[in-house]
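# Fold the following.
(one chain, ligands or ions: 2)
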Amino acid sequence: MKVAKWYNNQDIRIEEVPKPNPGPKEMLVKVLSCGICGSDIVEWYRLPRAPLIPGHEIGAEVVETGGSVSAYKPGDRVFIAPKVPCMTCYYCEKGHYPICANSKARLPGGFSEYVLVPEDIVKNGTYLLPDNITYDQSTFIEPLACVIRAQNLAEVQEGRTVLVIGCGMSGLLHVKLLKSKGCKVIATDINRKKLEYADRFGADLTVDAKEDVAEVLISQNRKKADTVILCASAMSAVEQAWNGVDKGGTVVFFAVPGPDKEVSVPINDFWMKEIKILTTYYCSPYDIADAISLLEKEEIKVDDMITHKMPLEDIVEGFQHVTESKDSIKVIINPT
Ligand SMILES: [Zn+2]
Ligand SMILES: [Zn+2]
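Residues are numbered from 1 along each chain as shown. Ligands and ions are numbered 1, 2, ... in the order given. You can find the predicted model right below:
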């Protein structure tokens, strides 16, 4: 079978490897759609494990199940989570599922014709797709789940003013979810095209990131943002976040600038304003269930975010679209 092996963003090779046979508690799935995530192109994050087969936004069809697997059968349409928490360790009990101390099994990446699903993920990380969720739509389940988790942790509520910094795939998903909750959304980006998307997806105000966003907030909204969600990694975006948050507000680091950058926090200023700084990473099984339900009920529509679709052979081009980040929002690979 064909797989795409990532060595770095400039070097992704299509390689031939043997198709795996599932053990008694495993199963083999055929990958129909797999999204390229913004995190797939972050080299400092991925390089320590390279070469690897990336892809964790997987919509697939079950083709073969091990003898002890009874929950799924060939032909089932599924979403597969890249890893699952144990639900019983200290961190899971506190609700910090993404940092579970016992989560070991990790799904081989979805930029591959077939994926062998390990026992843990067959048991707790496989979700049947409702009939009205297409394979391409299913690639939004994981990113939407991460967005849901971030907004839950930040306790975003109806009527709040939320500043979304960075209107790539995840920033735009934030815009959509915030609007479905009845928030007032201000979105910024340096890219005009992305601001047009934010506008189309319901943002109340879009601001060129070159402008003084805090000033625009005060003049157009009379106050700064209750919540700032940072979906960009530029240092200037971090500055905009510090300046854009209102007293009593929260800054959410959904994206981070990277390990070679040092972020300085205006902590004395924040101290007197009771400003919270929050980080979020990945999602929990509850968020995945919520994401599936939002897509199933069409409370969040995603078809209008798909800008590029291509076969596995063209994955280099797909990664280029995401890396350049000019006119692409969601780039989907269809390996089979
Ligand atoms: Zn992702
Ligand atoms: Zn755990």
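# Count the residues that sit near residue 155.
Residues near residue 155, counting by other C-beta atoms under 10 Å, number 12. (Each C-beta comes from the backbone N, C-alpha and C, glycine too.)
# One more: residue 228?
Neighbour tally, residue 228, other C-beta under 10 Å: 31.
# can I assume it sits in a strand?
Yes. Secondary structure assignment places residue 228 in a strand (DSSP: H, G, I helix; E, B strand; the rest coil).
# burial of the closest residue to residue 315 other than its chain neighbours, as a residue count?
Taking C-beta to C-beta, 6 or more residues apart in numbering as the measure, residue 315 lies nearest to residue 4, with 4.6 Å between them; neighbours along the chain are not counted. Neighbour count of residue 4, defined by other C-beta under 10 Å: 27.
# distance between the host helix or strand of residue 4 and the chain's centre?
Element membership of residue 4, judged by DSSP states H and E, is strand 2-8. Put simply, strand 2-8 sits 20 Å off its chain's centre (C-alpha atoms, centre = their mean, to the nearest Å).
# Which neighbouring elements make contact with it?
Judged by 3 or more C-beta pairs under 8 Å, 6 or more residues apart in numbering; DSSP states H and E, strand 2-8 is in contact with strand 11-16.
# correct me, but residue 252 touches residue 278?
Yes. With contacts counted by C-beta atoms under 8 Å, residue 252 reaches residue 278, the gap being 4.8 Å.
# So between the two, which is more surrounded?
Using other C-beta under 10 Å as the criterion, residue 252 and residue 278 rank with residue 252 on top: 26 against 17.
# circling back: which neighbours do residue 252 and residue 278 share?
Among the neighbours of residue 252, those also in contact with residue 278 (C-beta atoms under 8 Å, 6 or more residues apart in numbering) are 153, 154.
# in the sheet, who's paired with the residue nearest to residue 315?
residue 14 (DSSP bridges).
# Next one: it from residue 52, what distance?
To residue 52, residue 4 is 10 Å away according to C-beta to C-beta, to the nearest Å.
# what does the stretch 101-250 of the chain have sitting close to ligand 2?
In this structure, the stretch 101-250 of the chain approaches ligand 2 at residues residue 102, judged by C-beta under 5 Å from the ion.
# Swap in 6 Å and give it another go.
Residues of the stretch 101-250 of the chain lying close to ligand 2 (C-beta under 6 Å from the ion) are 101, 102.
# just to revisit the earlier point, show me what contacts the residue nearest to residue 315?
12-15, 53-55, 109, 111-112, 312, 315, 333.
# run the last query once more with 10 Å
When contacts are counted by C-beta atoms under 10 Å, 6 or more residues apart in numbering, residue 4 touches 12-15, 34, 52-55, 109-113, 312-316, 318-319, 333, 335.
# Spatially central residue for this protein, please.
Nearest to the mean C-alpha position of the chain, counting by C-alpha atoms, centre = their mean, stands residue 143 at 2.8 Å.
# circling back to that earlier point, could I get the pLDDT score of the residue nearest to residue 315?
Residue 4 is assigned a pLDDT of 96 by the prediction.
# next one: residue 224
pLDDT, residue 224: 98.
# Identify the residue spatially nearest to it, adjacent ones excluded.
Leaving aside its sequence neighbours, residue 224 sits nearest to residue 246 (C-beta to C-beta, 6+ apart; 3.8 Å).
# quick one: pLDDT of the residue in the stretch 1-150 of the chain positioned nearest to ligand 1?
Residue nearest to ligand 1 within the stretch 1-150 of the chain: residue 37 (3.1 Å; C-beta to the ion). Here, the pLDDT recorded for residue 37 equals 92.
# what's the distance between it and residue 255?
As for residue 37, its distance to residue 255 is 12 Å (criterion: C-beta to C-beta).
# Count the residues that sit near the residue of the stretch 101-250 of the chain found nearest ligand 2.
Of the stretch 101-250 of the chain, the residue with the smallest distance to ligand 2, taken as C-beta to the ion, is residue 102 at 4.9 Å. For residue 102, the neighbour count with other C-beta under 10 Å is 14.
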